[in-house]
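**Student:** take a look and give me a structure for this.
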Amino acid sequence: MMVKTFTEALDACIDEMAEFLRSVRRHLHANPEPSLEEFRTTQDLAGHLADAGVPFRVVPSGRGIVAGPDRGLDGLPRVALRADIDALRMQDAKLAVPYRSVRDGVMHACGHDAHATMALGATLALHRCRDHLPGPIPWRAIFQPAEETGDGAIEMIRAGAMEGVSAIVALHVDPELEVGRVAQRAGVLTADCRDLRIVVRGRGGHAARPHQAIDPVAAAVQFVSGIYQVVPRSVDVREPVVVSISSIHAGEANNVIPDQAVMEGTLRSLGQAARERACAAIQATARGVSAATGAEIQVEFLQGVDPVINDPVVNAAMAQAAFDVVGPDRVGSIPHPSLGGEDFAAYLRLAPGAMMRLGVAGASGWPSLHSPRFDIDERALVLGARILARSVVLLSEGGPGDA
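**Tutor:** Okay, here's the model as predicted:
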């Protein structure tokens with residue numbers, strides 16, 4: 001049967017790659033690399049691009065790729081698709097699958113292996129079907145490292161990944177949605193995230209004589225208990241805010257009161273006013289505990305990631321692509337923003353963009369993101385690649401008219 005439209009051409013190309021995409025994802029899943037170490041992953045993806053003749057360049061760090069046509073497209077605005085490629089430092093607990101991580105203490109528990117695979121599929125399809133597309137389509141693919149640490153998007157931007165980009169799209173897998181379903185949301189999608197570092201300085205001494213010391217551990221315990229009570233009572237209950245202390249380090253001996261305790265955590269919010277009130281409450285708690293215990297408490301709010309705010313036009317184009325791929329009745333709305341973080345937000349400072357959720361749960365469901373048993377229904381790979389490729393064309397000049 002003759003291919004008549006660009007959508008049929010893209011779909012046919014991606015369908016032919018289904019087994020290839022599954023093998024790519026399984027290879028990436030079995031050979032994960034954590035943030036800032038994605039050298040082999042970059043080379044593996046670069047090899048596939050080179051084999052297909054796709055123009056690309058590896059960024060100076062050797063951990064990330066910018067791909068897409070340049071020749072004959074000077075001055076035309078580009079639509080970018082982005083995928084993250086890093087894994088998490090956690091043990092893969094899946095024992096019965098052949099693609100279980102071979103690297104102790106590292107696994108793809110957030111679906112970045114799937115993101116990279118779907119973006120690769122869309123990239124190869126856009127390249128191979130270029131003669132079927134409605135005119136010249138200036139697209140770009142960004143394979144980004146270090147999303148989990150919040151460093152990768154900035155690195156790619158500094159390497160020129162966003163030069164000339166007029167819009168950017170991305171997918172994130174969602175194990176709470178069954179495969180074949182998609183969820184979208186215009187406006188705020190994820191939270192503003194700030195890292196916390198708290199240093200509590202006291203005066204060390206013998207554990208049997210606490211009255212001769214200033215115990216930083218006791219002060220730290222009071223501080224954590226205090227902010228968990230004070231912050232929720234200081235912010236409008238209609239404005240979601242969460243503060244969590246996830247790391248406490250102090251002392252090395254059971255009979256010594258240490259000089260200091262160091263804590264780390266996260267503050268997440270959906271609005272500037274709520275964040276500022278939460279920060280003020282945390283600082284006030286630090287001053288109160290310091291006055292009560294004699295310990296010095298220093299609180300640092302470190303730069304994290306901005307909220308992802310989906311552009312309504314880009315989001316609508318992605319939604320249309322999803323309608324065409326899975327059907328309108330299988331594209332739902334995300335009712336509330338997530339308090340998770342995503343450094344995709346950094347790209348949105350430079351161009352409008354949108355991120356959608358792609359269902360990856362099988363009939364019996366899958367464990368949640370960041371679970372040691374995380375996995376996906378691999379039928380989602382073809383669907384994601386189709387949505388990304390169609391979105392790029394729809395957002396490019398002249399694309400939708402010939403669909």
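
**Student:** drop to CA atoms for contacts and neighbour counts, all remaining ones
**Tutor:** OK.

**Student:** okay, strands next: where are they in the stretch 201-350 of the chain?
**Tutor:** 205-206, 241-250, 256-257, 260-269, 296-305, 309-310, 331-333 (DSSP state E, counting those that start in this stretch).

**Student:** can you give me the buried ones in the second one?
**Tutor:** Neighbour-count burial for strand 241-250, with 16 or more other C-alpha atoms under 10 Å as criterion, is recorded at 241, 242, 243, 245, 250.

**Student:** let me see the contact set for the residue lying closest to the fourth one once chain neighbours are set aside.
**Tutor:** What it means is residue 245. In this structure, residue 245 finds its nearest non-sequential neighbour in residue 265, 4.1 Å apart by C-alpha to C-alpha, 6 or more residues apart in numbering. Counting by C-alpha atoms under 8 Å, 6 or more residues apart in numbering, residue 265 touches 195, 196, 197, 243, 244, 245, 246, 247.

**Student:** kindly reformat these as JSON lines containing distance to residue 176 and pLDDT.
**Tutor:** Shown next, in JSON lines, are those (distance: C-alpha to C-alpha, whole Å; pLDDT from 0 to 100):
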{"residue": "195", "distance to residue 176": "27", "pLDDT": "94"}
{"residue": "196", "distance to residue 176": "29", "pLDDT": "97"}
{"residue": "197", "distance to residue 176": "32", "pLDDT": "98"}
{"residue": "243", "distance to residue 176": "24", "pLDDT": "97"}
{"residue": "244", "distance to residue 176": "23", "pLDDT": "97"}
{"residue": "245", "distance to residue 176": "26", "pLDDT": "98"}
{"residue": "246", "distance to residue 176": "25", "pLDDT": "95"}
{"residue": "247", "distance to residue 176": "28", "pLDDT": "96"}
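
**Student:** out of the residues you listed, which is nearest to residue 352?
**Tutor:** residue 195 (25.7 Å; C-alpha to C-alpha).

**Student:** could you confirm the closest one falls within a strand?
**Tutor:** Yes. Per DSSP: H, G, I helix; E, B strand; the rest coil, residue 195 lies within a strand segment.

**Student:** near it, how many other residues are there?
**Tutor:** A count of neighbours around residue 195, defined by other C-alpha atoms under 10 Å, yields 18.

**Student:** quick revisit: okay, and the beta partners of the residue nearest to residue 245?
**Tutor:** Beta-bridge partners for residue 265, by DSSP bridges, are residue 196, residue 245.

**Student:** isn't residue 197 right next to residue 300, touching?
**Tutor:** Yes. Counting by C-alpha atoms under 8 Å, residue 197 touches residue 300, with 5.2 Å between them.

**Student:** residue 122: what's it in contact with?
**Tutor:** Residue 122 is in contact with 14, 385, 386, 388, 389, counting by C-alpha under 8 Å, 6+ apart.

**Student:** closest to residue 312 among those?
**Tutor:** Distance ranking of the contacts of residue 122 against residue 312, using C-alpha to C-alpha, places residue 388 first at 16.7 Å.

**Student:** give me the phi and psi for that closest one.
**Tutor:** Torsion angles at residue 388 (phi, psi; degrees, to the nearest 10) stand at phi -60, psi -50.

**Student:** how about the helices in this protein?
**Tutor:** Counting by DSSP state H, the chain has helices at residues 6-16, 18-30, 39-52, 112-128, 152-158, 216-234, 272-293, 312-326, 380-395.

**Student:** quick one: closest of those helices to residue 203.
**Tutor:** Nearest of the helices of the chain (C-alpha to C-alpha): helix 216-234, 7.5 Å.

**Student:** so for that closest one, mean pLDDT?
**Tutor:** The average pLDDT for helix 216-234 rounds to 97.

**Student:** before we move on, back to that, in terms of mean pLDDT, which of the strands of the stretch 201-350 of the chain ranks lowest?
**Tutor:** Among the strands of the stretch 201-350 of the chain, strand 296-305 carries the lowest mean pLDDT, at a mean of 94.

**Student:** show me the contacts for residue 243.
**Tutor:** 228, 231, 265, 266, 267, 268.

**Student:** count of neighbours near the second one?
**Tutor:** Think residue 231. Neighbourhood size, residue 231 [other C-alpha under 10 Å]: 21.

**Student:** equivalent analysis for the last one, please.
**Tutor:** Neighbouring residues of residue 268 were enumerated by other C-alpha under 10 Å; the total is 27.

**Student:** surely it touches residue 190?
**Tutor:** No. Assessed by C-alpha under 8 Å, residue 268 is found out of contact with residue 190, at 9.4 Å.

**Student:** common neighbours of the two, please.
**Tutor:** Counting by C-alpha under 8 Å, 6+ apart, the shared contacts of residue 268 and residue 190 are 339, 340.

**Student:** from residue 308, how far off is the residue nearest the centre of the chain?
**Tutor:** What sits nearest the mean C-alpha location of the chain, by C-alpha atoms, centre = their mean, is residue 342, with 4.3 Å. As judged by C-alpha to C-alpha, to the nearest Å, residue 342 and residue 308 stand 7 Å apart.
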